[in-house]
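Generate coordinates for the sequence data below:
(chains A, B and C)
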Amino acid sequence: MTAASRLADLGEQVILLEREEQVGGHLRNWDRLFPNRRPGYEVLNYLTEELGSKVDIRCLQTVTTIFSGERDFQLQLASGKSLRCDALLLATGFDLFDARRKEEYGYAIYDNVITSAELEELFRSGAPITTRQGKVPKRVGFVHCVGSRDEKAGNLYCSKVCCVTGVKQAIEIKELFPEAEVFGFYMDLRMFDRHFEEMYYEAQQKWDINFLRGRVSECAENQDQSIVLKIEDTLTSRPLKMTVDLLVLLVGFVPSPETLRLAAMLDLPVGEDRFLEPADEHTKSTLTVKPGVFLAGAVKGPFSISNAIADAGTAALQIHAYLKTL
Amino acid sequence: MIIEGKKRLWQEYQKEIADDRYFYVRSCVRQNFFPASEKVFLRILKEELGKDVYENAAHTTCSGIGYHSDVVPFETAMTVIARQFSLMTESGYEHFVTSCITSFGLYSEVLETWKHFPDVLQKVRGYLKEATGRTFELPKNVAHASDVIFRFRNEIASRGTHRLVNHLTGKPLRVVEHIGCHYSKMFPSKGVGGAEYPYVLVGMIEDWGGEVIDYPERRHCCGFGFRQYIVRANRGYSIANSKKKFESMKPYQPDFILTNCPGCPMFFDRWQYALSEMEGVTYGQNGEGIPVLTYEELSGLILGYDPWDLGLQVHQVPVEPLLDKLGIPYDPETKFAGKDGQDLGRPDAPTHMKFF
Amino acid sequence: MKEFGYTVHKERLIDYDRNDKRVLNHLKKHEPSVLTCIACGSCTATCSAGQLVDFNIRLVQTLLRRGEIEPLKKEVRKCMLCGKCILICPRGVNMRNLILAIQTAIDKLQ
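A predicted model of the protein is given here:
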């Protein structure tokens, strides 16, 4: 959205093709954003208003084929229409890891195991958060690195934003249930950006959230449907067993199959982690090796929203410079 | 519990189980622990289902017991196994069925090794030729005996005279199922249902009318590792593992435990006695233990065989409470009688556990 | 009782649900800076006593917080209250007061 707005400001003609019925991607599902826990819809509204009427937004569109010409591209859409364009920006985002693949956590098997995305949706809906049995949770656990940094899941990379999301959601749970005990089960706490470390400090000092360093190895269900989990308390080198009422799995990023399909049509190089490769990591981070094709945001790997917005601005400038050469 | 989630996983972990012409290899020690089990397996397959099951009199242990106790090196184990395959090939069979779960694990491990390292397979062909002059083909299918019973569970049910239902209350029996570690923990794809939620025994129990209990320590090992158990000083570790499982399953009040390994039912059966002597605790209701069955014994009960023909009299945790729930008749007088009604005496009763 | 030649091994896991949290609660009340500890180990690295005696202040403090109190009742008395740990702690935990608070809590438990 940002790239489209910037390009339109620079006088370019932009068509924004969106697969869903509305633009915004995953941002539409987030309740509050880190680091300051401001409502996600504020950012979504800002981006939407920016687009205004200067960009041709077309929703519910799927691209079936792309033909690369000498200096332009021909797109065939599922609706039957075809489009010609001089430059292509792939900003098709990411998918979330399917937590059912981590069988040992019992997602979609045990009643009270949910993902961070589902929790975010619960926050957004304003519905009371309870266990599936209708109980107010007295203990909530957050499992970090679900589907990331995991050879068994086929994803060796770190999804970057899940740690700060885990701390954010832990604080949000404490806001709703001050009496609850909240636990984060982590391997590392990757608080990589500004204000993140301070959020971790606040989580401990103000909200009394407990952080246990250890990766949850297995979950089982008790007779009352609470979840009993086994982790190693690496800080004391002892195995530890505890029960939680609700377990939240912080699922990571995976490359979307749709992005990979489009990339294949354009012969774009794909990294070993299955995200797309820019022309140069440092100096040409929104260009690709194919002239006229550009990348922005999570197609290149895990991205926070603020970083994606910044990346989009860069992409817009580079696209603009390219279009001037045609 | 969202059962659809488990069903989805069970669909993903399906495996091929041959349906006839089996080459059967026995367990080293099962006949001591559960005397009639292997006999019942053969009886069911041959007489009830009309299958061709062949045992070669010259077959030996797979040497897993030695391999897992660090006294038999891997090369030797592979060569012993190669000889077993050679007997199979020589007898004209291609479907291999093992009685013991550790055997199943070891055969799977060896076949996987040979698949990824064909030079090792060549070496072993050399060793066997040198030692015995034999050659061999690889089996087309390796299954565990519980896989075979799983495959024919519906046939057994249809010929059966009993279901896993408490005949007094009409409620399904509550069953704890326990899989031997070597079945699917090493190679999840080689176990029906995978490693996290194995299905091979669940399928039997549910299709025979019972209800499976999922309790927190379901996945935990019973503690029967040859390495720890063989040396008496280490048995404290083994018994602690079984105790962990008993403590976890007790609140669910299971009617019996079903397992598919030689060691696991032995442990569950004997350790309940040992724990009752050491700590005065019993895990069933009313001072009883929780009866333990092998899948062959259970199949035999479903088919209406006499409990004393199934070897149930040698269980240390008496199975009478279970037989009563199932409505299976038995003669208490002949329980400890030998062949031709000979009186073999009676064992001592445990101090704290109810005995019959 | 029959002699088996072995006894049941005790479990070594931390059963967090069952453990006694009274020491932890006392610490949270009397030395709230303990909440911000990240178990980085700087305190143990610099500890005077720990250089020469089997005393790991990070480990002792973490175990006490888990409720593993019994084996550690005498451990904290190895601290000489030299204060090097306070100098280094990146989170500003008042270790010396924490040690005294632990001792008070343990004494109270008896």
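
CA atoms for contacts and neighbours, from now on please.
Noted.

can you tell me which helix or strand the residue of chain B found nearest chain C belongs to?
Of all residues in chain B, B:Gly236 sits closest to chain C, at 4.5 Å by CA to the nearest CA. Assigned by DSSP states H and E, B:Gly236 falls within helix B:235-249.

and that helix, does that touch chain A?
No. Taking CA under 8 Å from any CA of the partner chain as the criterion, helix B:235-249 and chain A are apart, separated by no less than 9.4 Å.

What are the buried residues along that helix?
B:235-246, B:248-249 (16 or more other CA atoms under 10 Å in any protein chain shown).

is it true that the residue of chain B closest to chain C touches B:Met278?
No. At 11.4 Å, B:Gly236 does not count as touching B:Met278 under the criterion of CA atoms under 8 Å.

quick one, phi/psi of the nearest residue to A:Gly292 once chain neighbours are set aside?
Using CA to CA, 6 or more residues apart in numbering or on different chains and skipping the chain neighbours, the partner closest in space to A:Gly292 is A:Ala87 (4.5 Å). Main-chain dihedrals, A:Ala87, degrees, to the nearest 10: phi -150, psi 150.

Give the burial count for A:Gly126, as a bare number.
9 (other CA atoms under 10 Å in any protein chain shown).

quick one: the helices in the stretch 251-356 of chain B?
Ranges of helices in the stretch 251-356 of chain B, per DSSP state H, counting those that start in this stretch, are B:263-279, B:295-302, B:320-326.

got CSV for these, with mean neighbour count and distance to chain A too?
Output for the helices of the stretch 251-356 of chain B, formatted as CSV (neighbours: other CA atoms under 10 Å in any protein chain shown; distance: least, CA to the nearest CA, whole Å):
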stretch, mean neighbour count, distance to chain A
helix B:263-279, 21, 21
helix B:295-302, 23, 25
helix B:320-326, 17, 23
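
Switch those over to a markdown table; also include distance to B:Arg153 and mean pLDDT.
Formatted as a markdown table, the helices of the stretch 251-356 of chain B follow (distance: least, CA to CA, whole Å; pLDDT from 0 to 100):
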| stretch | distance to B:Arg153 | mean pLDDT |
| --- | --- | --- |
| helix B:263-279 | 20 | 93 |
| helix B:295-302 | 9 | 96 |
| helix B:320-326 | 18 | 95 |
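
show me what contacts B:Val292?
If a contact means CA atoms under 8 Å, 6 or more residues apart in numbering or on different chains, then B:Val292 has B:256-259, B:265, B:268-269, B:315, B:317, B:319 as its contacts.

and with 6 Å instead?
B:256-257, B:269 (CA atoms under 6 Å, 6 or more residues apart in numbering or on different chains).

got it, and C:Arg58?
C:41, C:44.

how much space is there between it and A:Glu104?
To A:Glu104, C:Arg58 is 31 Å away according to CA to CA, to the nearest Å.

Report how many residues lie close to the residue lying closest to A:Ala180 once chain neighbours are set aside.
Leaving aside its sequence neighbours, A:Ala180 sits nearest to A:Lys138 (CA to CA, 6+ apart; 4.5 Å). By the criterion of other CA under 10 Å, A:Lys138 has 16 neighbours.

Look at the closest residue to B:Thr60 other than its chain neighbours and report its pLDDT.
Closest residue to B:Thr60 apart from its sequence neighbours, by CA to CA, 6+ apart: B:Gln84 at 7.3 Å. In this model, B:Gln84 is scored at 96, pLDDT.

distance of B:Gln84 from chain A?
34 Å (CA to the nearest CA, to the nearest Å).

would you say that residue is within a strand?
No. With DSSP: H, G, I helix; E, B strand; the rest coil as the criterion, B:Gln84 is located in helix rather than a strand.

Neighbours of it, how many?
So B:Gln84, with other CA under 10 Å, has 22 neighbours.

And the pLDDT for the residue of chain B closest to chain C?
92.

Please look at it and C:Val8 and confirm they touch.
Yes. With contact defined as CA atoms under 6 Å, B:Gly236 reaches C:Val8; the gap is 4.5 Å.

Output the longest helix seen in chain A in CSV, but only the C-alpha positions, please.
Longest among the helix segments of chain A by residue count, using DSSP state H, is helix A:305-325. The C-alpha trace of helix A:305-325 is given here as CSV (Å, rounded to 0.1, in the frame of the first residue of the first chain):
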residue,chain,number,x,y,z
ILE,A,305,5.3,-3.5,10.1
SER,A,306,7.4,-0.4,10.6
ASN,A,307,10.3,-2.0,8.7
ALA,A,308,8.0,-3.1,5.9
ILE,A,309,6.6,0.4,5.5
ALA,A,310,10.1,1.8,5.3
ASP,A,311,11.1,-0.9,2.8
ALA,A,312,8.1,0.0,0.7
GLY,A,313,9.3,3.6,0.5
THR,A,314,12.7,2.5,-0.7
ALA,A,315,11.1,0.3,-3.3
ALA,A,316,8.9,3.1,-4.6
LEU,A,317,12.0,5.4,-5.1
GLN,A,318,13.9,2.7,-6.9
ILE,A,319,10.9,1.8,-9.1
HIS,A,320,10.5,5.5,-10.0
ALA,A,321,14.2,5.7,-10.9
TYR,A,322,13.9,2.6,-13.1
LEU,A,323,10.8,3.9,-14.9
LYS,A,324,12.7,7.1,-15.7
THR,A,325,15.2,5.0,-17.7
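
Just give the number of residues close to B:Ile328.
B:Ile328 has 18 nearby residues by other CA under 10 Å.

oh sorry, the question was meant for B:Gly338
11.

Pull the contacting residues for it.
Residues near B:Gly338 by CA under 6 Å, 6+ apart: B:Leu344.

Tell me the pLDDT of it.
B:Gly338 carries a pLDDT value of 83.

C:Met1 now?
At C:Met1, the model reports a pLDDT of 62.

Without its sequence neighbours, what residue ends up closest to the closest residue to chain B within the stretch 201-326 of chain A?
When distances are taken as CA to the nearest CA, the stretch 201-326 of chain A reaches nearest to chain B at A:Ala220, 4.8 Å away. Nearest non-adjacent residue to A:Ala220, counting by CA to CA, 6+ apart: B:Pro216, 4.8 Å away.

try C:His26
Among residues not flanking C:His26 along the chain, C:Ala105 sits closest, at 6.4 Å (CA to CA, 6+ apart).

does that neighbour sit in a helix or strand, and which one?
helix C:95-109.

for that helix, what is the average pLDDT?
The average of the pLDDT scores along helix C:95-109 is 91.

Tell me which other helices or strands that helix touches.
With contacts defined as 3 or more CA pairs under 6 Å, 6 or more residues apart in numbering or on different chains; DSSP states H and E, helix C:95-109 has no helix or strand neighbours.

hmm, 10 Å instead?
helix C:22-30, helix C:57-66, helix C:84-88 (3 or more CA pairs under 10 Å, 6 or more residues apart in numbering or on different chains; DSSP states H and E).

Per the annotation, how does chain B divide into domains?
Recorded structural domains for chain B (assignment: automatic domain parsing) are B:15-145, B:150-341.

Now do the shortest one: distance from first to last residue.
Same thing as domain B:15-145. 14 Å.

quick revisit: and for B:Gly236 and B:Met278, which residues touch both?
C:4, C:6-8 (CA atoms under 10 Å, 6 or more residues apart in numbering or on different chains).

Buried ones among those residues?
C:7-8.

Export the shared contacts of B:Gly236 and B:Met278 as a markdown table, with columns for secondary structure and pLDDT.
Formatted as a markdown table, those follow (DSSP: H, G, I helix; E, B strand; the rest coil; pLDDT from 0 to 100):
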| residue | secondary structure | pLDDT |
| --- | --- | --- |
| C:Phe4 | coil | 88 |
| C:Tyr6 | coil | 90 |
| C:Thr7 | coil | 90 |
| C:Val8 | coil | 92 |
